[in-house]
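A.B. asks: The sequence isn't on hand, but the structure is:
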């Protein structure tokens, strides 16, 4: 006559169940961490299918930047939405020995769709911010007070406020950012919109 196996005491069964649950939770957690690390790595966009390279990258938390000039691997890169210029250069394999790092701001926050040109020593500084030929609009991110005063209805006080705002908050991301400058409203902005750029 064979005897049936004796059931485990309830306390031991509880310990085994808790142990199995902990092991399962650790496996799921390590998989999630590994996936997060893989997603966080900057990858050249050339390795992505064309269908994935869309024009609306805002909701995904990613931005696309085109890095050119004195870098090891020029190309299109996908970075985190809060990436800075130094991150783009790192994704492009770093800079060459003849790169003029004094001509660019490594701490600058990047924008989606931006082209970054790293100049070489002796070249014109920051060619990425140069106006296209024939574009005589005032660049809000580089103009001094005198240049801003050439705009319609902009006197010394408003021009100084624009410069001060830029020094306190960083570059203008769009012309509409002028509305954050004290003294500039919709009407004043409409009158100067065609004469400025970022």
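C.D. replies: Now that the structure is in, tell me what you want to look at. All of these numbers come straight from a predicted model, not from anything done at the bench. Residues are numbered from 1 along each chain as shown.
A.B. asks: can you tell me which residues contact residue 160?
C.D. replies: residue 145 (C-beta atoms under 8 Å, 6 or more residues apart in numbering). All C-beta atoms are positioned from the backbone trio N, CA, C, and that covers glycine.
A.B. asks: That should have said residue 67, apologies.
C.D. replies: In this structure, residue 67 makes contact with 74-77, 88-89, 91-92, 116, 118, judged by C-beta under 8 Å, 6+ apart.
A.B. asks: Of these, which is the nearest to residue 137?
C.D. replies: Nearest to residue 137 among these is residue 116, at 21.3 Å by C-beta to C-beta.
A.B. asks: model confidence over stretch 110-130, on average?
C.D. replies: Taken as a whole, stretch 110-130 carries a mean pLDDT of 70.
A.B. asks: do the same with stretch 180-191
C.D. replies: For stretch 180-191, mean pLDDT rounds to 90.
A.B. asks: Quick one: residues in contact with that stretch.
C.D. replies: Contacting residues not belonging to stretch 180-191 are listed as 152-153, 157-158, 161-162, 165, 169, 175-176, 178-179 [C-beta under 8 Å, 6+ apart].
A.B. asks: Widest-spaced pair of the residues you listed?
C.D. replies: Pairwise distances among the contacts of stretch 180-191 were taken by C-beta to C-beta; the largest, 23.6 Å, belongs to 152 and 169.
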